[in-house]
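**Student:** need a structure here:
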Amino acid sequence: MTFEIFRKYGAMLLCGILLGAAGCTEDTTGREAAPDGSGGGGDDQPEYDYVTVEYRKWQNGSFNAWSTDGSSETRTVAGMNRFTPVDGYAGTAWGGRLDHGTPTSVTGTEGFFRIAKIDGRWYFLDPDGGAVILHGTQHVRPGSSDEHAASFASRYGSNDRWSRETGELLASNGFNYISYGSNRIERFPDDMRDNLLEPGRQRMAYAENLYLLRTFMWDMTANLGYAFEDGTYNRLVLAFEPTFADYVENLAREKCAAFVGDNRFVGYYLDNELPFVAYQNADDVRGVELKHFLALPDRYRGAREFAEAFMEQEGIASTGAITEADREKFRAAVADHYYRVTSEAVRKADPQHLILGSRLHDWSKYTQGIVQACARYCDVVSVNYYARWQPEDDFLANLVTWSGDKPFIVTEFYVKGADASYQGRPYANTEGGGWLVRTQRDRGLFYQNFCLRLLENRNCAGWMHFEYNDGYGGTSDSNKGVVSVEYEPYSDFLELAGELHRNIYPLIDYYDAAR
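**Tutor:** Predicted coordinates:
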């Protein structure tokens, strides 16, 4: 069923069941939705009829046994006893709601995407004034392996046809955000751009990653005459190189020029998964460590001198006197420096668009000083969220507190299906951070559960599933996509994702009414 756009939200809200929705555990026919989206089931019923989904982790080079630990209370839209799903909602062409209250705490340029708080909840404001939760997928481009190329040639034969059908597929399943995802930031190519960003009467928001620090690292041989020893030193030492600030200012000026004036463009990620903090603070290279910075060779003396100045400022007499609190404070100081330098460069190059953080991952997103530094300089805090069946309540509470008066978005999450294959050969599914479930329907159940729990949090302004296309080639055959290597849509997954997308704003009203 298509993602229907109406002019007035309240006037034409459709009530009833989404017919044929996979995974339904209850027939909701005949329920009448209350204005807040509640289904009239009564408080005598449990709020959810949970489902249980089996999964397994890839860990230390092998799969663990199938498990349901933590997944036995998986929520679904159809399993909500006090909420009635709808078939569509009124909104702007961007999928934004029109029935919102007065925006406050507005940040951004009018006529472009902004952020705002409305009735205590964070939204993006789309260029037409709608309050929108962004929900999309990324790396929307043809695959690069030989297997992808063969499938593309057989099924489409041209970027025009592929992009037209892909734009329609994503829009019809309720996605309202995409990214191209090049390693060196670029716009969608002209022969696919409009088909993807304006499918039919709808419009897609998009954002891209500048990869500022990573690109500086890649270009060091050309610019400085030597390569960075990534894996020997933490790459954040490069943020203190004397040429770094000028380099990122020039890079931002060059790359942002491609997006200036485009109101479909939301904004920029600064980098991806920078090594601010290692797991349990146990690695000098995967996380920022004060002792590591103090021991840097002369080649990286900018970072070493920053660490030495920190020691003097904090009155720390020797490396043996460094405390756990000192380590945390130093990490926060490094993060503050990185976000200040990079965000100033981007705002100077393009004041029209938002800055969307740096996609914090692993232990970095659980660290107060890192999140606070990101929120201090960026408009949105972005996190990549793996190794959990669902968002943790305590972490989301911390994220709200640490982000201050800023919203957050989840910029990567997924699970893989064990039933995915290429020409009858099952994927190895050993690559990537997502866990393994048995079927595509189970992937949809995971998606609904994860996103329903995000919707409960008023600071979450969106999420981006990872990613459009399955990986293939070598050891990278993995079921991350909404389409297969052969570009076949995963209909069971998409049906459940689309059901959730069509109900986002009624679900928000339902959750907010319960507060």
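**Student:** Any figure for the gap between the residue lying closest to Tyr156 once chain neighbours are set aside and Glu486?
**Tutor:** Take Tyr156 and drop its neighbours on the chain: the residue closest to it by CB to CB, 6 or more residues apart in numbering is Trp162, 4.1 Å away. In short, each C-beta sits where N, CA and C put it, glycine included. The gap separating Trp162 from Glu486 is 13 Å, by CB to CB, to the nearest Å.
**Student:** hang on, isn't Met192 packed against Glu165?
**Tutor:** No - counting by CB atoms under 8 Å, Met192 does not reach Glu165; the two are 10.9 Å apart.
**Student:** Those two: which is more packed in?
**Tutor:** Met192 (22 against 16; other CB atoms under 10 Å).
**Student:** Need the per-residue pLDDT for that one.
**Tutor:** Note on Met192: pLDDT of 98.
**Student:** what does the one 10 residues further on give?
**Tutor:** Looking at Gln202, its pLDDT reads 96.
**Student:** do you know how far it is from Asn195?
**Tutor:** Gln202 is 12 Å from Asn195, where distance means CB to CB.
**Student:** Neighbour count: these two, which is higher?
**Tutor:** Gln202 (23 against 19).
**Student:** Quick check: the more buried one vs Gly167, distance?
**Tutor:** Taking CB to CB, one finds Gln202 at 8 Å from Gly167.
**Student:** Overlap in contacts, Trp162 and Glu486.
**Tutor:** Common contacts of Trp162 and Glu486, defined by CB atoms under 8 Å, 6 or more residues apart in numbering, comprise Arg155.
**Student:** So for those two, which residue has more residues nearby?
**Tutor:** Set side by side, Trp162 and Glu486 show more neighbours around Trp162, with 20 against 17, by other CB under 10 Å.
**Student:** So for that one, what's the pLDDT?
**Tutor:** pLDDT, Trp162: 98.
**Student:** what's near enough to touch it?
**Tutor:** Trp162 neighbours (CB under 8 Å, 6+ apart): Pro142, Phe152, Arg155, Tyr156, Met192, Tyr487.
**Student:** try Pro142
**Tutor:** His148, Ala149, Phe152, Asn159, Trp162, Asn469 are the contacts of Pro142 under CB under 8 Å, 6+ apart.
**Student:** just the strands in the stretch 1-150 of the chain please.
**Tutor:** Using DSSP state E, counting those that start in this stretch, the strands assigned to the stretch 1-150 of the chain run over residues 5-6, 55-56, 58-59, 62-63, 89-90, 104-107, 114-118, 121-125, 131-132, 134-137.
**Student:** ok, back up a step: the host helix or strand of the residue nearest to Tyr156: which residues count as buried?
**Tutor:** For Trp162, the element it lies in under DSSP states H and E is helix 159-172. By neighbour count on 16 or more other CB atoms under 10 Å, the buried set for helix 159-172 is Asn159, Trp162, Ser163, Arg164, Glu165, Thr166, Gly167, Glu168, Leu169, Leu170, Ala171, Ser172.
**Student:** Just give me how far it sits from the chain centre.
**Tutor:** Distance of helix 159-172 from the chain centroid (CA atoms, centre = their mean, to the nearest Å) equals 21 Å.
**Student:** Heading C-terminal from it, find the next helix or strand.
**Tutor:** Per DSSP H and E, the helix or strand that comes after helix 159-172 is strand 177-178.
**Student:** by how many degrees do the next helix or strand after that next one and helix 159-172 diverge?
**Tutor:** Moving toward the C-terminus from strand 177-178, the next helix or strand (DSSP H and E) is helix 190-197. Angle of helix 190-197 versus helix 159-172, following axes from the mean of the first three to the mean of the last three CA atoms, to 10 degrees, is 10 degrees.
**Student:** helices or strands up against helix 190-197?
**Tutor:** Counting contacts by 3 or more CB pairs under 8 Å, 6 or more residues apart in numbering; DSSP states H and E, helix 190-197 packs against helix 159-172.
**Student:** now Trp435: how far from Leu454?
**Tutor:** Taking CB to CB as the measure, Trp435 falls 18 Å from Leu454.
**Student:** Where does the prediction get shaky in the chain?
**Tutor:** For the chain, the stretches with pLDDT under 70 are 1-43.
**Student:** cutoff 80 now
**Tutor:** 1-43, 88-90, 280-281, 474-475, 515 (pLDDT under 80).
**Student:** Which residue ranges of it form helices?
**Tutor:** With DSSP state H, the ranges of helices along the chain come out as 146-155, 159-172, 190-197, 212-218, 220-224, 244-256, 290-294, 301-314, 324-349, 368-377, 393-403, 440-455, 491-502, 504-513.
**Student:** could you dump the ones you listed to TSV with distance to Tyr89?
**Tutor:** Output for these, formatted as TSV (distance: least, CB to CB, whole Å):
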stretch	distance to Tyr89
helix 146-155	32
helix 159-172	14
helix 190-197	21
helix 212-218	37
helix 220-224	49
helix 244-256	34
helix 290-294	51
helix 301-314	50
helix 324-349	34
helix 368-377	30
helix 393-403	25
helix 440-455	14
helix 491-502	7
helix 504-513	5
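**Student:** And those: which comes nearest Gly61?
**Tutor:** helix 440-455 (23.7 Å; CB to CB).
**Student:** which strands and helices sit next to that closest one?
**Tutor:** The criterion is 3+ CB pairs under 8 Å, 6+ apart, and the helices and strands that helix 440-455 contacts are strand 415-417, strand 460-465, helix 491-502, helix 504-513.
**Student:** would you turn those into JSON lines with distance to Val383 and mean neighbour count?
**Tutor:** Formatted as JSON lines, these follow (distance: least, CB to CB, whole Å; neighbours: other CB atoms under 10 Å):
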{"stretch": "strand 415-417", "distance to Val383": "17", "mean neighbour count": "26"}
{"stretch": "strand 460-465", "distance to Val383": "10", "mean neighbour count": "24"}
{"stretch": "helix 491-502", "distance to Val383": "20", "mean neighbour count": "23"}
{"stretch": "helix 504-513", "distance to Val383": "20", "mean neighbour count": "20"}
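**Student:** can you list these in JSON lines and add distance to Thr323?
**Tutor:** Listed next are the helices and strands packed on helix 440-455 as JSON lines, based on distance: least, CB to CB, whole Å:
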{"stretch": "strand 415-417", "distance to Thr323": "39"}
{"stretch": "strand 460-465", "distance to Thr323": "34"}
{"stretch": "helix 491-502", "distance to Thr323": "46"}
{"stretch": "helix 504-513", "distance to Thr323": "42"}
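**Student:** Now Thr367. Nearest residue, chain neighbours left out?
**Tutor:** Val277 (4.8 Å).
**Student:** check contacts around the closest residue to Glu467 other than its chain neighbours.
**Tutor:** Nearest residue to Glu467, sequence neighbours excluded (CB to CB, 6+ apart): His139, at 4.4 Å. By CB under 8 Å, 6+ apart, the residues touching His139 are Ser179, Tyr180, Gly181, Phe466, Glu467, Tyr468, Asn469.
**Student:** so what's the second one up against?
**Tutor:** What that stands for is Tyr180. Tyr180 touches His139, Val140, Arg141, Glu186, Arg187, Phe188, Tyr206, Glu208, counting by CB under 8 Å, 6+ apart.
**Student:** Only whichever of the residues you listed are buried, select them in ChimeraX.
**Tutor:** This is how ChimeraX selects the buried members of these, with burial counted by 16+ other CB under 10 Å:
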select :139,140,141,187,188,206,208
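**Student:** Please identify which pair of the contacts of Tyr180 lies farthest apart.
**Tutor:** Most distant of the contacts of Tyr180, by CB to CB, are His139 and Arg187, 14.5 Å apart.
**Student:** quick revisit: against Glu198, how distant is the residue nearest to Glu467?
**Tutor:** Applying CB to CB to His139 and Glu198 gives a distance of 20 Å.
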